[in-house]
Structures are given as structure tokens and as C-alpha cells.
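Undergrad: how would this look folded up:
(chains A and B)
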Amino acid sequence: MKKAGFTPNPVLVSFMGLCPLVGVTGNFASGVIIAFLTALAVLGLDIFWSYGRRFVPPRLALVSQLAFAAFFALLAGVAVTAFSPPLALDLGIYLPLLMVNCLLLHEIRKSITGETRSHASILVTILWYFSIALALSFVRESLGGGTITLPTPGLEPAVLRLFSAPPLPMLVSPAGGFMALAAFVFAQRILMGPSGGKAS
Amino acid sequence: MSWIGIILVSVFSANVLFTYGLGSCAMLRKAQSSIAIDLLSLLLTNFIASALLWSFDALVLRPFGLDVFKVVVFALIIAPLTKFLSQLAGSNSGSFSSSLLGAIDESTLSCLVFGIALIVTNKDYGLGEALVASIASALGYFSAVLLLDSVRRRMEISGIPSTLRNGPAILISAGLMAMAFSGIDRFLVVNLVK
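TA: Predicted coordinates for the structure are as follows:
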């Protein structure tokens, strides 16, 4: 079992859960919501399976965990639509895609092969994921759009204007998502060495 | 939209990797199996998953106003059925049958297969158009990954700094390609092949 302190960064080192980060972090509110829901899904699955494994036969492990992930994605979609319809529209296919997020599938595959991780290690993983998504959304929307959209309820999310003209408009596009991620991975390698802390 | 228009839009201006970021995680890993196996498993699983999700959506979910349950239907019915049908089709593929079955097993439950099925189902396509869009999207993704893989091979023999190798360099290349692909305007394509 790994110590929580050595859990590698899931985004910048293991390259997991990148689809929503490229797709929706051009908007700060969408980035915060998708990161929060992904973190909640992984945590929920960990809690569900740590208790559920006693009652579910091993051959139904995959199905039961997938069913949990699917119902979570369904409830998340309904909740986000009720919270803020424009944000739900912006998140689009990424809400149902929560079910097949690489982070979640990685945990499911690990539990099926019998590899166990401590709750602390999973908590560190989702904290990493959430903080990277938060930073990425902030950088992309503030520099790409000159604004910060806040995840507020209702038909019109609150928007803070930071710059009168966006300094790097390309950052809000998917191409900008790849570029911003590259900058984050590069910064991580500069700070932690070329392996990005993988060897530890 | 004509079928040629659907193909051009799905491959270029709405490429699933460069527009939606689907399959980005797989893009950053080195290919495990051969090109033929990867392509065949991708086409097979996408074709079957899209056909099944479109049929369920049109025949069961939409008529009863149950669109919101698409994700549950995919997890509990379509993913296992796709895996079963793909493996059934793949088991007759001769010498590389076992590798193909392994690749199908990996790809059935991925954001790429579910994402493409969702995208083609959410558009108002008929079954034929949805299947063409699904195959074209899979081909678009595959060609994008193939291009990035050749970039990776060139970078391995060039002397780029270790901090940029693989991850950052591939992401920058993907960003540049995404810009190039997004330059092919959707409306221009539609008007050209109308």
C-alpha cells in the first residue's frame, strides 16, 4: 500500500482525467464544477466499495461499481441542471462522461484486480485533481477571456471582469487547453525534476 | 448535411480529440498494440456502441421522455452488449484475434466510445448518418493519434530537453494541430459539399 505523501499527481504525472480538463476548463465555473463532481465521484466510489465489497459477489464487482458511477453521473447531471442551466449546457457531454472518467475507471480496475489503496492516498489524488483543475480554469479563463465566471446558482452566473481585453484569447479554445496543460506539466517537471516525482 | 459533409466535419472541424479532448489520456501513452488492431477495435466498438445507443435513444428513451437515463442505459446495457458483439465479430479475425479481443476489452469502457456515441446521438441524425459520423469520428481520432505518434518518434531521436520530452512536447504538438484542424471552418465545409 502506498503512503499518501508519495501519491503522484494524477493529471501532471499520470495523465489521467484529461478530457474534461481540455474540454471545459476554458470557463472557471465549469472547471470548478466538473473537478468537484469528479472528486466527489471518486470519493463516493471508494466509500461505496469499501463497504459494498462485503455484500457484492466478486463477479458482480465491475457491474455494481459501474452502476454506482452511472447513477452518480445521472444525479450530477440533474443537480447541475437545477443549480444553473447555463452551466449544465456548457458542461454538455462531460456530465454523463463523468461515468467513464479515467480516474474513476482506474479505481474500478484496481479494485477488481485486488489492489488496495488507502483512503488517504485516494484523498490526496482527488485533492491534486481538484487543485490542478482549479488552477487551470483560473489561468485559462482569466488570460483567455479576461473574465472569471463564478459558479453561482441561477440563469446568469456572476462574471468578474479582470482585463478590458483578454491577453491570450487562444487559451479558452481546446487548443489553448492543450497548451496550458503543457505549461503546467513543464512547470511541474522544473519543480520536481524530469520524472515529475514519478520515481518516488 | 450530406455524408461527405458529415465525414469532413467529424474528421476535421469537430475532431473528437482536438475539439472535445476525448481520448487525451490515451494519446499521451505509447501504443501497446499494432496499428491494425487499434484501428479495428476502435472502429468496431464505436460502430456497435453508436448503433445501440442511437437505437435505444430513438426507440425507448425519447418516446418515453427518459433521455436523462442515457448514461445508466449505456453502463448497464450498451457497454456489455458492445463488448459481447465486438468480441463476437473480433473472434473470427484470424491470427490476431486474441490481441484484438484484448484491445476491444480495453476500449469498450472509455470516454472515447461513450463520448462519440453521445455526440452522434445528441445531433438530429438518422441511423445511417449517425453511423457514418461515428466511423468518421473514430477515423479522425485515429489519424490524429497517428500524427502525434509520428511526432513523438521524431522527438525521441532529436535532442529536446528531458523536461519537455513526451508529455509537454506532445501536448504542445496537440495544441498546434488543434489550431490547424479548427481552422477548417465547419460552415465552409458544409457549403462546399452541400
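Undergrad: okay, now residue 71: neighbour count?
TA: Chain wasn't specified; assuming chain A. 16 (other CB atoms under 10 Å in any protein chain shown). For every residue, glycine as well, the C-beta is placed using N, CA and C.
Undergrad: looking at chain B here, not the other one
TA: Around B:Val71 there are 24 residues (other CB under 10 Å).
Undergrad: residue of chain A with the smallest distance to chain B?
TA: As assessed by CB to the nearest CB, chain B sits closest to A:Val22 within chain A, at 2.9 Å.
Undergrad: which SSE is that residue in?
TA: Per DSSP states H and E, A:Val22 falls inside helix A:18-24.
Undergrad: What residues of that helix count as buried?
TA: Across helix A:18-24, burial judged by 16 or more other CB atoms under 10 Å in any protein chain shown covers A:18-24.
Undergrad: now these in CSV, with pLDDT?
TA: CSV is the format used below for these (pLDDT from 0 to 100):
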residue, pLDDT
A:Leu18, 90
A:Cys19, 90
A:Pro20, 91
A:Leu21, 91
A:Val22, 91
A:Gly23, 89
A:Val24, 91
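Undergrad: thinking again about what came up before, and the residue of chain A closest to chain B, what is it in contact with?
TA: A:174, A:177-178, A:181, B:20-21, B:24 (CB atoms under 8 Å, 6 or more residues apart in numbering or on different chains).
Undergrad: what about the residue of chain B found nearest chain A, how many neighbours?
TA: Residue of chain B nearest chain A, by CB to the nearest CB: B:Gly21 (2.9 Å). Neighbours of B:Gly21 under the rule other CB under 10 Å: 27.
Undergrad: ok, for it, nearest residue in space, not its chain neighbours?
TA: A:Val22 (2.9 Å; CB to CB, 6 or more residues apart in numbering or on different chains).
Undergrad: Over to B:Thr108?
TA: Nearest to B:Thr108 is B:Lys83, by CB to CB, 6+ apart, at 4.4 Å.
Undergrad: Over to B:Gly23?
TA: In space, B:Gly23 is closest to B:Leu112, 4.2 Å off (CB to CB, 6+ apart).
Undergrad: State the helix or strand in which the one you found lies.
TA: Going by DSSP H and E, B:Leu112 is part of helix B:111-122.
Undergrad: what's the next secondary structure element after that helix?
TA: Taking DSSP H and E, what comes next after helix B:111-122 is helix B:127-157.
Undergrad: how far off helix B:111-122 does that next one point, in degrees?
TA: Counting by axes from the mean of the first three to the mean of the last three CA atoms, to 10 degrees, helix B:127-157 lies at 150 degrees to helix B:111-122.
Undergrad: So is helix B:127-157 next to chain A?
TA: No. Using CB under 8 Å from any CB of the partner chain, helix B:127-157 never reaches chain A; the gap is at least 10.5 Å.
Undergrad: Distance from the chain centre to that helix, please.
TA: 8 Å (CA atoms, centre = their mean, to the nearest Å).
Undergrad: same for that helix, what does it pack against?
TA: helix B:3-8, helix B:16-20, helix B:24-27, helix B:35-56, helix B:111-122, helix B:167-182 (3 or more CB pairs under 8 Å, 6 or more residues apart in numbering or on different chains; DSSP states H and E).
Undergrad: Give me the angle between it and helix B:167-182.
TA: Using the same axes, to 10 degrees: helix B:127-157 against helix B:167-182 is 140 degrees.
Undergrad: Tell me where chain A has strands.
TA: A:147-149, A:159-161 (DSSP state E).
Undergrad: tell me the most buried of those?
TA: Ranked by mean neighbour count, the strands of chain A are led by strand A:147-149 with a mean of 19 (mean count of other CB atoms under 10 Å in any protein chain shown).
Undergrad: So which helix or strand of chain A has the lowest pLDDT on average?
TA: One helix or strand of chain A scores below all others by mean pLDDT, DSSP states H and E: helix A:102-113, with a mean of 85.
Undergrad: Report the angle between that helix and helix B:111-122.
TA: 120 degrees.
Undergrad: I'd like to know which elements helix A:102-113 is packed against.
TA: helix A:28-52, helix A:61-83, helix A:119-145.
Undergrad: Could I get the contacting residues of residue 168?
TA: Unless you meant another one, I'm taking chain A. A:Leu168 neighbours (CB under 8 Å, 6+ apart): A:143-144, A:176.
Undergrad: meant chain B actually
TA: A:182-183, A:185-186, A:189.
Undergrad: shaky segments in the chain?
TA: By default, I'm working from chain A. A:1-7, A:194-200 (pLDDT under 70).
Undergrad: oops, I was thinking of chain B
TA: In chain B (pLDDT under 70), the answer is B:30-33, B:90, B:92-97, B:186-187, B:190, B:192-194.
Undergrad: how much space between the residue nearest the centre of it and B:Arg62?
TA: Chain B has B:Ala138 as the residue nearest its centroid, 3.4 Å off, counting by CA atoms, centre = their mean. B:Ala138 is 24 Å from B:Arg62, where distance means CB to CB, to the nearest Å.
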